[in-house]
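> Sequence first, predicted coordinates after that:
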Amino acid sequence: MSISRRRIQAWACTLALGAALAQASPASPNNAPVKILVGFPAGGVVDLVARAFAAQLKEENGSTVIVENRPGASGKIAIDNLLSASNQGDTLAVIPVSVAVLTPQVMKSANYDAVRDFDMLGILVEYCFAVAAGPAANVGTWQAYKAWAQAHPQRSAYASPGLGTPQQFLGAQLQKALGVELQHVPYKGGAAAINDLLGGQVPLLITTEQLLPAYEAQGKLKTLFVTSHERNPNMPKVPTAAEVGLPGLEASDWFALYAKAGTPPARLAEWRTLVAKIVASPKFVETIRGMGYGVPSAQPADFKRLLREQQEVWAGRVRLAGFKATD
């Protein structure tokens, strides 16, 4: 589902108010406020998810919750703040799993290891990616795009939201499957990439699947496939990567809640129980689905294993792309 600026502003105001009205917190030691760090700007999707969780946490146990935006460096500033905080479980962060595991692989200054340095408390949101073609290629299927790219190799390219993003590395994997050079065109954010796809400046786009249904319904672009195991209910006619013969392009991502590693076991258990309860609550589910995202049907049995597996998956894609970490 595409999210309009007006709806985002409304959600942001409502959720910020809910978090601000919270009372004393039994979920935090010595009744200290719970701080949730967000490495992206206020009003963005990660911020809205964090505020939805904060509002529900207040309803659940009266917690005082401060959502603190620390945007910049693709989420690294918020990560640095988490790692410099205490490990008593009162400073948390909402971070996409891909960002948590990719940042040390693409930034030399990110001197941390997600498996070693984070304690994941739970998955809040799940989503996948999608590949879409615009009027420059004027095709309706992945097979048709493949034929077009082979006939026009000098024009074959894809847009992504930026360098070092999951979308860039999925593009490297897509190029291998295509058998034709697929030039990467990085943008500063997903909105600019979509605009140029629609304007015919670039033939292909890799983005999160939630951004596409409205454009797909209007016939402005054609979503060739999604990277999920199952079809997106908002685009039921769009096949999965496996259905178009690209099972290796399956890729999921999640917004997760983290504490600093070393959080006392009793606090970890308390948080994980509470997160699972909130994520399963009807109000939270309704809010997240209203944004076009999904919620997990169950929490992972082993959080460290999930991080380790994703670390290895994205490391392989980074190597395939030949990407070198930057300062």
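Great, that's in hand. Numbering: from 1, shown residues only.
> counting residues per helix, which one in the protein is longest?
Counting residues, the longest helix found in the chain (DSSP state H) is helix 303-321.
> pLDDT of that helix, averaged?
Here helix 303-321 scores 96 as its mean pLDDT.
> If you count neighbours, what's buried in stretch 162-181?
164-175, 177-178 (16 or more other C-beta atoms under 10 Å). Any C-beta I mention is one placed from the backbone N, CA and C, and that applies to glycine too.
> and what of stretch 303-323?
Within stretch 303-323, the residues that count as buried by 16+ other C-beta under 10 Å are 303, 306, 307, 310, 311, 313, 314, 317, 318, 321, 323.
> before we move on, which element is residue 271 in?
Assignment of secondary structure by DSSP states H and E places residue 271 within helix 265-279.
> Return the list of helices and strands in contact with the helix or strand that that helix is followed by.
The element immediately downstream of helix 265-279 (helix or strand, assigned by DSSP H and E) is helix 282-290. Using 3 or more C-beta pairs under 8 Å, 6 or more residues apart in numbering; DSSP states H and E as the contact definition, the elements that helix 282-290 packs against are helix 45-61.
> Compute the inter-axis angle for whichever helix or strand comes after the helix it packs on and helix 45-61.
Scanning forward in sequence from helix 45-61 by DSSP H and E, the next helix or strand is strand 65-69. When axes from the mean of the first three to the mean of the last three C-alpha atoms, to 10 degrees is applied, the directions of strand 65-69 and helix 45-61 differ by 170 degrees.
> So in that sheet, which strands flank strand 65-69, and in what orientation?
Under the criterion DSSP bridges, strand 65-69 sits next to strand 34-38 (parallel) in its sheet.
> Could the C-alpha coordinates of the strand it pairs with be exported in PDB?
The C-alpha atoms that make up strand 34-38 are tabulated as PDB, following Å, rounded to 0.1, in the frame of the first residue of the first chain:
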ATOM      1  CA  VAL A  34      12.200   3.900  28.200                       C
ATOM      2  CA  LYS A  35      14.100   5.500  25.400                       C
ATOM      3  CA  ILE A  36      13.600   4.100  21.900                       C
ATOM      4  CA  LEU A  37      16.200   5.300  19.300                       C
ATOM      5  CA  VAL A  38      15.300   5.600  15.700                       C
END
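> where do the strands sit along this structure?
When secondary structure is read from DSSP state E, the chain shows strands at 34-38, 65-69, 91-96, 118-133, 157-160, 183-186, 204-208, 222-226, 252-260.
> would you turn those strands into JSON lines with mean pLDDT and distance to residue 282?
Output for these, formatted as JSON lines (pLDDT from 0 to 100; distance: least, C-beta to C-beta, whole Å):
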{"stretch": "strand 34-38", "mean pLDDT": "97", "distance to residue 282": "22"}
{"stretch": "strand 65-69", "mean pLDDT": "96", "distance to residue 282": "20"}
{"stretch": "strand 91-96", "mean pLDDT": "97", "distance to residue 282": "21"}
{"stretch": "strand 118-133", "mean pLDDT": "97", "distance to residue 282": "15"}
{"stretch": "strand 157-160", "mean pLDDT": "97", "distance to residue 282": "35"}
{"stretch": "strand 183-186", "mean pLDDT": "96", "distance to residue 282": "39"}
{"stretch": "strand 204-208", "mean pLDDT": "97", "distance to residue 282": "25"}
{"stretch": "strand 222-226", "mean pLDDT": "98", "distance to residue 282": "26"}
{"stretch": "strand 252-260", "mean pLDDT": "97", "distance to residue 282": "19"}
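> returning to that earlier point: quick check: buried residues in the helix holding residue 271?
267, 268, 270, 271, 272, 274, 275, 276, 278, 279.
> Okay, the third one and residue 90: tell me how far apart.
Same thing as residue 270. According to C-beta to C-beta, to the nearest Å, residue 270 and residue 90 sit 12 Å apart.
> next one: the last one
Distance check for residue 279 against residue 90: by C-beta to C-beta, it reads 20 Å.
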